[in-house]
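J.: coords below, sequence missing:
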């Protein structure tokens, strides 16, 4: 048994090594002195300097963040409203909306992407920031609805009725009674929306216009040449995501420990 | 509370316009071709005839399916033991491991693939092998997390019961653990196979121009050639192939459950 456990740990760590190999590589080579992608010749910050000096690159970070933030806010608001409406709707409407929402979630991204591209072209909408944003909002909403619906199903219907009986307007009932109870679903929906939008390449590639690139489409467009400043950009993303993930996982732990200590002190 | 029903109405219009209409436009493009000044559009089956009468297109479709199937199988073979071993660890280590599997996934897919391009640049691997490495790298975390979720939901006393009833380790695994983790494998397959069939930037970045898949064909016809009709027909064929394969995967799942 002991030997077995040893083998199990080794196997898991080998898989982890596979997962982290390219990340370590990118971070290391972002500090490379030369342009080579295979030989590390010395430490330098030139690729970071180049990254900050390359306007298109900085713009791609800006657009990725901006689109992700707006798409998250808009799709979370719309998704929450629709989910609440759906929970009171007839079974037919529920089924129709669920099936339609399944389309972008089950279809390959490339099909959703060319569908939107053809739509924009048919309606004569010039592609650019606006179409990119519209596309992102469109594919985020179904995920938000999907993460809120289970919370709504657990909700006690009588609570909202009670609020109305006690003199709340429907809007007050919504915002004082229903929303606080489904908050968890809304937050996880927003997180999914943000990740989906920030990570998206395929749909962005087909729905954006000239001059508007997010990080994904920028990296795709520059891969024809060797460009080590992409490594610097990647390192920044790795750093940001690690920081967010560690903070969001460690902070609750610290908080919990402090609360425990406070209790002990009291 | 019935008044809340009306909240859905604007979204019905939005979904019809942004989700349903685009699909209909793809179908329309696939079954038509650009005409002349007198008749601007002509309905036709030619795009499909063209696809199925050219062996190159069939070959590309076959290659994409093979890539997706092999990637999925490798992900199950590598991912199942990993998920199983993680599920055996102490609860704290499990949480850390899940976090560690999730973290690379949150990093932009293009960025991760670009990293592999540099890593594999001067390796002797063939373009095909490089594409497989990139595919497995991108999709393995999904498989591990799905299988892990189904394993961690399992009641451990079931395995103990199997031991008490005379099963050895191997029998207990084959008769209890494996069948109970099939739903995890199936959802893993959905998350790997589906995007794998249509992937186009991994083959392009890692395989160079030499490794063409259905996704690359669609990209070429939309971006380079501008033949949207034929491009739409290819996407429709691909969507259909995926639909049929998913149907059989699900059916397999139900049949298993019925036994």
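T.: Arrived safely, thanks for sending. In this text the structure is predicted, and so the values were computed from the model without any measurement.
J.: what's in contact with the helix or strand hosting residue A:111?
T.: Per DSSP states H and E, residue A:111 falls inside helix A:109-122. Residues from elsewhere that reach helix A:109-122 (Cβ atoms under 8 Å, 6 or more residues apart in numbering or on different chains): A:103-104, A:127, A:131, A:134-135, A:138-139, A:200, A:202-203, A:205-207, B:17-18, B:21-23, B:25-26, B:29, B:195, B:198, B:200, B:215, B:218-219, B:222, B:228, B:231-232, B:235, B:238-239. (C-beta placed from N, C-alpha, C; glycine too.)
J.: pLDDT of it, averaged?
T.: Average pLDDT, helix A:109-122: 95.
J.: can you check stretch A:255-266 too?
T.: This predicted structure assigns stretch A:255-266 an average pLDDT of 72.
J.: Mind checking if it is in reach of chain B?
T.: No - applying Cβ under 8 Å from any Cβ of the partner chain, one finds stretch A:255-266 separated from chain B by no less than 13.5 Å.
J.: Can you point out the buried residues in that stretch?
T.: Applying a neighbour-count criterion of 16 or more other Cβ atoms under 10 Å in any protein chain shown, stretch A:255-266 contains no buried positions.
J.: Just give me how far it sits from the chain centre.
T.: From the chain centre to the centre of stretch A:255-266 is a distance of 34 Å (Cα atoms, centre = their mean, to the nearest Å).
J.: cool, stretch A:129-137 as well?
T.: Centroid displacement of stretch A:129-137 relative to its chain, using Cα atoms, centre = their mean, is 15 Å.
J.: Buried residues, that stretch. List them.
T.: Across stretch A:129-137, burial judged by 16+ other Cβ under 10 Å covers A:131, A:132, A:133, A:134, A:135, A:136, A:137.
J.: Stretch A:68-87 too?
T.: Of the residues in stretch A:68-87, those buried by neighbour count under the rule 16+ other Cβ under 10 Å are A:68, A:71-72, A:74-76, A:78-87.
J.: and it, does that touch chain B?
T.: Yes - using Cβ under 8 Å from any Cβ, a contact is recorded between stretch A:68-87 and chain B, made by A:78, A:81, A:82, A:84, A:85, A:86, A:87.
J.: so who does the second one touch?
T.: With contact set as Cβ under 8 Å, 6+ apart, residue A:81 has these partners: B:7, B:11.
J.: and which of the buried residues of stretch A:68-87 is nearest residue A:224?
T.: When the buried residues of stretch A:68-87 are ranked by distance to residue A:224 (Cβ to Cβ), residue A:68 comes first, at 26.1 Å.
J.: how close does that closest one sit to residue B:142?
T.: Distance, residue A:68 to residue B:142, by Cβ to Cβ, to the nearest Å: 21 Å.
J.: Among the contacts of helix A:109-122, which lie within strands?
T.: With strands identified by DSSP state E, none of the entries of those belong to them.
J.: Mind checking which of the residues you listed are buried?
T.: A:103-104, A:127, A:131, A:134-135, A:138-139, A:200, A:202-203, A:205-207, B:18, B:21-23, B:25-26, B:29, B:195, B:198, B:200, B:215, B:218-219, B:222, B:228, B:231-232, B:235, B:238-239.
J.: what bits of the chain have low per-residue confidence?
T.: I went with chain A, as the question did not name one. Counting by pLDDT under 70, the low-confidence segments of chain A come to A:1-3, A:264-266.
J.: I was thinking of chain B, sorry if that wasn't clear
T.: Residue ranges of chain B with pLDDT under 70: B:1-2, B:36-37, B:253-259.
J.: quick check: domain ranges of it?
T.: B:2-46, B:62-258 (automatic domain parsing).
J.: most packed of those?
T.: Each of the domains of chain B was assessed for mean neighbour count using mean count of other Cβ atoms under 10 Å in any protein chain shown. The highest is domain B:62-258, with a mean of 18.
J.: Looking at the backbone only, give me phi and psi for residue A:32.
T.: Here the main-chain torsion angles of residue A:32 (degrees, to the nearest 10) amount to phi -70, psi 140.
J.: quick one: secondary structure of the nearest residue in space to it that is not next to it in sequence?
T.: Counting by Cβ to Cβ, 6 or more residues apart in numbering or on different chains, residue A:40 is the residue found nearest to residue A:32 once chain neighbours are left out, at 5.4 Å. The three-state assignment at residue A:40 reads coil, by DSSP: H, G, I helix; E, B strand; the rest coil.
J.: for residue A:40, what are its contacts?
T.: Taking Cβ under 8 Å, 6+ apart as the criterion, residue A:40 is in contact with A:28, A:29, A:32.
J.: how about the helices in chain B?
T.: B:9-15, B:21-30, B:46-53, B:55-88, B:91-106, B:109-120, B:127-152, B:156-164, B:169-172, B:178-198, B:201-207, B:214-219, B:228-258 (DSSP state H).
J.: And the second one, what does it pack against?
T.: Same thing as helix B:21-30. Contact analysis of helix B:21-30 by 3 or more Cβ pairs under 8 Å, 6 or more residues apart in numbering or on different chains; DSSP states H and E lists helix A:109-122, helix B:228-258 as its packing neighbours.
J.: Nearest to residue B:85, out of those?
T.: Proximity to residue B:85, assessed across these by Cβ to Cβ, is greatest for helix B:228-258 (23.9 Å).
J.: What is the closest one packed up against?
T.: helix A:109-122, helix B:21-30, strand B:32-34, helix B:46-53, helix B:55-88, helix B:178-198, helix B:214-219.
J.: How far does that helix sit from its chain's centre?
T.: How far helix B:228-258 lies from its chain's middle: 11 Å, per Cα atoms, centre = their mean.
J.: Could you tell me the angle between the helix holding residue A:111 and helix B:21-30?
T.: Angle of helix A:109-122 versus helix B:21-30, following axes from the mean of the first three to the mean of the last three Cα atoms, to 10 degrees, is 80 degrees.
J.: buried ones in helix A:109-122?
T.: Of the residues in helix A:109-122, those buried by neighbour count under the rule 16+ other Cβ under 10 Å are A:109, A:110, A:111, A:112, A:113, A:114, A:115, A:116, A:117, A:118, A:119, A:120.
J.: from the residues you listed, which is closest to residue B:102?
T.: Using Cβ to Cβ, the shortest approach to residue B:102 within the buried residues of helix A:109-122 belongs to residue A:109, at 20.5 Å.
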